[in-house]
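[1] pasted the sequence and its predicted model underneath.
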Amino acid sequence: MSTIILLTLTGLALAAMYFLLAAGLSLIFGLMDVLNFAHGAFFTWGAYAAWWTIAQISGEFRASTPAFLLALVVATIVGAVLAAAVEVGLLRPLYQRPIYQVLITLGIGLALSQLTAVIWRPDARTFPQPRWLADTSTVLGARVPNNRFLLILAALAVLAGMLLFLRKTRYGLIVRAGAENREMVQALGIDVDRAFTLVFALGGALAGLGGAFGAAYFGSIDPQFGSVNLIFAFIVVVIGGLGSVTGSALAAVVIGLAQQFGNYYTTWAGDFVVVLLLAVVLLVRPNGLLGRLR
Amino acid sequence: MRQSGAESLLRLTDLHTFIGESHILQGVSLDVAPGRVTVLLGRNGAGKTTTLRSVLGLTPAAGGTITFDGGDITRERPHRIVRRGVGYVPEDRDVFGGLTVDENLRLAQRPGTTADGMALVHRLFPDLERRAGQRAGSLSGGQQQMVAIARALVNPNRLLVIDEPSKGLAPVVVSQVTEALAAIKGTTTILLVEQNLAMAQALGDDAVIIDNGRTVYTGPMADVTADEQLQARYLGAGHSG
């Protein structure tokens, strides 16, 4: 029983990390029709920004709670600023050329990952976290690392915040309308470019935050940290339905749990089950669990 | 061809617009006088919708000039043109189906505008107030057209650009839409594309006919109505009475 509890909570924490990465991807695709392959790099840079912040304040091997909290803020800001810079500087001139967008985001992703290796060395680094976060709590006999709970709580808070943003704010209204018909939004006197930058920055912020939490979850980071997780985030977005934040949350839970249980009981089937789920969903519900017909 | 001496709220001069490689507008010129309804007529494919889209900057003009209230808007981006006080009702209505009626209207309402526009909309289309919480995608074609027109009316626009409001609607709904537009006639300036000649006749003060992307007639709407030869020559069988 304790194994089931441990696998479930660890699976939900993995789902929470995938969600933080996938939510931004989904939002960006929903409004802008951009498949952002640079998103993994924002995740990596968030992780390294968090690591660097902690290293400056508490040293490379131990993190104080204030240093860790500040690291989360810095990671979020780094993700947002990077994303906004990429959108304004490189993507904006290419909105009429979808193939070029794919190529440029792919290129930016590779370049940013390489830059990480150049600045902080290509080998993996241990991610320091406060002792209370690395400690475990006992739940029905299972000893679960506390960072799993924090990750789940953070993802729930982000989900609630995003739903409030989309449903209750004017910018949320613009994003939802823009996902349906961008041209008509412009024809109502709304500056769509500004909405694009905001959504891209928001997605980057979530990726940066996800990177910091992901680093705490895995306990170490390396320059390929984001690109490895990006593959699963894309699967989450497709299964959840392109453009649906709630769909991404649902799919992340399915993928996180399937991966954890699959890997535990077979040692090899975790990733296979994920790809199988993707294939089944694409065959049965091509628009994903909660996706719109595009 | 042009009305001489009349002051214009909107003026198109020798407009040329391409869609891809196709040269759609090959010299459209027209004036829209303030406070009047100018009807843009022509056969299917003559370039009427492209003219309206060029005015809005959605299909930017490649040559010629567009001035609105004396300012050159030829190269301006669509949202800036609209913020100058231009409301647009597109040909296919383009309501946001996933948003409620109220959300469609709130999205259209520019920040800082008064509640007068919303009150006007609810007076003209009381059905929309009753259906405020309903998803626009679940409305009938006529109700969606009302939402599309209402979006242009919630702001104090000086010019309404309306593309075929009767398209695809049942006759009884066309009458309702005509009544609503007649109610605002005189309070704002309207550039209207309309294939339904009865509706055009009921609303129009001035008429402009374009053929093959060029302006071929400018004059009072009443003269077009009276001139069957002109109708046969430029409007063809596509116009219904």
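    Arrived safely, thanks for sending.

[2] leaving out the residues flanking it, which one is nearest to A:Leu198?
    A:Tyr171 (6.3 Å; Cβ to Cβ, 6 or more residues apart in numbering or on different chains). C-beta coordinates here come from the backbone N, C-alpha and C atoms, glycine included.

[3] residues near that neighbour, how many?
    Using other Cβ atoms under 10 Å in any protein chain shown, A:Tyr171 is surrounded by 16 other residues.

[4] how about it, secondary structure?
    Here A:Tyr171 is helix, with the state taken from DSSP: H, G, I helix; E, B strand; the rest coil.

[5] got a list of what it touches?
    A:Phe165, A:Ala195, A:Leu198 (Cβ atoms under 8 Å, 6 or more residues apart in numbering or on different chains).

[6] wait, the first one sits on A:Leu173?
    Pointing back at A:Phe165 there. No - A:Phe165 is not in contact with A:Leu173 according to Cβ atoms under 8 Å; the separation is 10.0 Å.

[7] Provide the contact partners of stretch A:130-147 at residue level.
    A:1-3, A:5-6, A:9-10, A:13, A:63-65, A:68, A:129, A:149-150, A:213, A:216-217, A:219.

[8] show me which of those residues are buried.
    Buried subset of the contacts of stretch A:130-147 (neighbour count, 16 or more other Cβ atoms under 10 Å in any protein chain shown): A:5-6, A:9-10, A:13, A:63, A:68, A:129, A:149-150, A:213, A:216-217.

[9] how about these, which pair is most distant?
    A:Ile5 and A:Ala63 (27.0 Å; Cβ to Cβ).

[10] re earlier: which among the buried ones among the contacts of stretch A:130-147 gets closest to chain B?
    For these, the closest approach to chain B (Cβ to the nearest Cβ) belongs to A:Phe213, at 31.1 Å.

[11] so which helix or strand takes in the closest one?
    Using DSSP states H and E, A:Phe213 maps to helix A:192-218.

[12] tell me the average confidence for that helix?
    Confidence over helix A:192-218 (mean pLDDT, whole number) is 93.

[13] just stretch A:105-124 next, same as before
    On average, stretch A:105-124 scores 94.

[14] so what touches it?
    For stretch A:105-124, using Cβ under 8 Å, 6+ apart, the contacting residues are A:34-42, A:44-45, A:48, A:51-52, A:82, A:86, A:90-91, A:220-224, A:226-227, A:230.

[15] of these, which belong to strands?
    A:Ser220, A:Ile221 (DSSP state E).

[16] please enumerate the helices of chain B.
    Along chain B, the stretches classed as helices by DSSP state H are B:48-56, B:78-83, B:101-108, B:116-124, B:126-130, B:141-153, B:171-184, B:197-203, B:221-226, B:228-230.

[17] got a list of what A:Ala50 touches?
    Neighbouring residues of A:Ala50 by Cβ under 8 Å, 6+ apart: A:Ala71, A:Leu72, A:Val74, A:Ala75, A:Phe127, A:Gly211, A:Ala212, A:Ala215.

[18] 7 Å instead, please
    A:Ala71, A:Leu72, A:Val74, A:Ala75, A:Gly211, A:Ala212, A:Ala215 (Cβ atoms under 7 Å, 6 or more residues apart in numbering or on different chains).

[19] since we're on A:Thr197, how many residues are nearby?
    18.

[20] right, I'll call it a day here.
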